[in-house]
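J.: Let me see the structure of the following:
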Amino acid sequence: MMQKNRCHPSLSVLVGLLISAGLAGCDQKKDAANPASSANALALPLTTGSAAPVVPAPPVASLPSAPRPRIARVENQTDNYAYIDRAYEMSGAIGQAPPDYGFDFDGVSPWAWQSAHGDVQLAEPIDGGYRYYYYQPGATEPYLVRDPQYAYGFADGQLVAVYDDEGHLLQPEQIDQRIDDAGRYLARAAALYEASRQSERRSVNAANWAEQRTALDAARSRWEAEQSQQQAWRAYHAQHQAEEQAYWLGERDQREQSARSFDDWSSRGFGGPPPRPVGYAGDDNRNNGQAPARQSAGQNGVVRGDTPDQTSQPLVGFGRRDNGPQQNQTPDQAHTPGAPGVADQQTQARAAADAAARAQQQKAQADAARAQQQAQADAARAERLSQATSQARQSAGAPQTQTLPAKPTMAPDKASQTETKKANDDARRHDGASEKPPAQ
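T.: The predicted structure follows:
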């Protein structure tokens with residue numbers, strides 16, 4: 001169940017800016033001391049046999065009454081879709097991979113998936129589908145609970161956002177109408193998480209998974225449709241897509257392989273031994289326990305909670321992921337500044353991951369710049385070629401001009417020559433007479 005521990009500030013530094021506004025922080029207890037919380041010891045092979053009847057969990061209205069959570073808001077409005085988008089990314093990374101294990105709770109048999117980083121998704125059957133609970137690494141309270149009608153975003157036990165079945169973000173006055181259901185879900189989520197750690201884990205029946213995976217696929221498809229209809233969600237997703245893809249890359253590959261192995265085993269009628277699950281004990285060292293750092297989902301986003309008397313409590317905003325699972329640390333190691341090299345190793349790991357991310361981003365920018373320059377050069381060459389071709393065609397089609405020789409002068413005939421001579425003689429006589437001096 002939910003506990004508020006007064007953890008030392010050094011834990012927040014050591015844990016590595018896990019995620020805040022309910023996705024991390026000192027207000028959520030860690031189960032690091034529990035040996036069973038190691039990701040490599042969780043998953044169990046599927047079992048064969050006839051499919052067992054699916055017992056649905058109670059609808060939200062039938063769950064026990066619970067305290068109404070404080071209503072909060074994200075100061076940076078661009079982070080309104082941070083909660084649902086993060087769960088959406090985890091669901092996509094898991095894909096069609098079978099659950100890691102099942103457990104019993106309140107007469108229901110929920111399923112669990114845990115990532116190599118420690119993120120947890122729980123799913124329990126209800127009438128009309130499944131109800132999903134999403135937890136950050138080491139958190140005992142969810143950051144998102146989703147049923148077929150609504151999804152509820154939480155921050156340190158406070159209700160931050162509610163989304164309807166089309167992905168719309170509900171307005172404050174509408175959120176107040178869902179607060180009782182949010183309280184019931186928050187209490188059940190804490191109890192479910194506790195049971196997932198304390199109850200005996202069971203192998204999931206392969207026949208049951210084969211029958212029910214369609215319902216989970218349909219839920220993911222609805223999420224994709226909801227995102228495509230919401231511009232604000234699409235904008236947030238595009239802004240943080242690179243860091244989310246980097247964070248889930250190794251997990252997605254492992255889960256896709258697990259799904260393919262199950263399909264192959266299913267096609268053989270579940271003959272032979274079941275495929276090894278993701279995170280099989282002693283076999284899976286995904287990322288060697290290291291997760292890439294995730295950038296902050298908001299810029300100094302602050303969540304402020306409102307109660308009926310209008311008091312407020314500032315919290316750190318929706319922040320970055322932890323830099324790797326912390327389940328193998330003991331509480332003494334987490335709290336003791338002198339633990340050999342732990343803080344330095346965490347700091348160095350975060351710095352290395354950040355440097356790698358920056359280098360990758362710079363390389364991508366440089367590649368994009370070179371590609372743009374090449375495209376511009378190609379366009380200029382194409383333009384010059386087009387102009388040269390056009391000029392050649394114009395020259396080939398122009399009319400040809402020819403310089404003709406001057407028209408030859410025809411020789412005068414004999415009569416003309418006689419007349420010309422007589423005219424010349426008359427002119428000379430006339431000139432001579434005009435030049436004779438006058439008489440004295």
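J.: Would you map the helices across the stretch 1-150 of the chain?
T.: 9-15, 82-94 (DSSP state H, counting those that start in this stretch).
J.: doesn't P56 make contact with S109?
T.: No. At 10.5 Å, S109 and P56 do not qualify as touching, with contact defined as Cβ atoms under 8 Å. Where you see a C-beta, it was placed from the backbone N, CA and C, and this is true even at glycine.
J.: Would you single out the least confident of the helices of the stretch 1-150 of the chain?
T.: Mean pLDDT across these is lowest at helix 9-15; the value there is a mean of 34.
J.: hmm, back to that, more neighbours, S109 and P56?
T.: Per other Cβ atoms under 10 Å, whichever of S109 and P56 has more neighbours is S109, with 19 against 15.
J.: Now do the domain split for this structure, please.
T.: 9-339, 341-381 (automatic domain parsing).
J.: low-confidence ranges in the stretch 1-150 of the chain?
T.: 1-41 (pLDDT under 70).
J.: between S109 and P56, what contacts are shared?
T.: Common contacts of S109 and P56, defined by Cβ atoms under 8 Å, 6 or more residues apart in numbering, comprise P125.
J.: Identify each buried residue in stretch 155-166, please.
T.: Neighbour-count burial for stretch 155-166, counted by 16 or more other Cβ atoms under 10 Å, picks out A155, D156, G157, Q158, L159, V160, A161, V162, Y163.
J.: I meant to write stretch 73-80 there.
T.: So for stretch 73-80, counting by 16+ other Cβ under 10 Å, buried means R73, V74, E75, N76, T78, D79, N80.
J.: Which of those residues fall in strands?
T.: Among the buried residues of stretch 73-80, DSSP state E puts R73, V74 in strands.
J.: Need the max-distance pair from the buried residues of stretch 73-80.
T.: Greatest spatial distance in the buried residues of stretch 73-80: R73 and T78, 12.9 Å, computed using Cβ to Cβ.
J.: so where do the strands sit in the protein?
T.: Counting by DSSP E, the strands of the chain are 71-74, 101-102, 111-114, 120-126, 129-135, 144-146, 151-155, 158-163, 303-306, 314-315.
J.: looking at the ones you listed, which is closest to Y185?
T.: strand 144-146 (4.3 Å).
J.: got the contact list for the closest one?
T.: With Cβ under 8 Å, 6+ apart, strand 144-146 has contacts from 83-84, 86-87, 131-134, 151-154, 182, 185-186, 189.
J.: Could you identify which of these has the most neighbours?
T.: G153 (32 neighbours).
J.: was I right about that one contacting P142?
T.: No. G153 is beyond contact range of P142, at 9.2 Å (criterion: Cβ under 8 Å).
J.: and the gap between W248 and A87?
T.: 12 Å (Cβ to Cβ, to the nearest Å).
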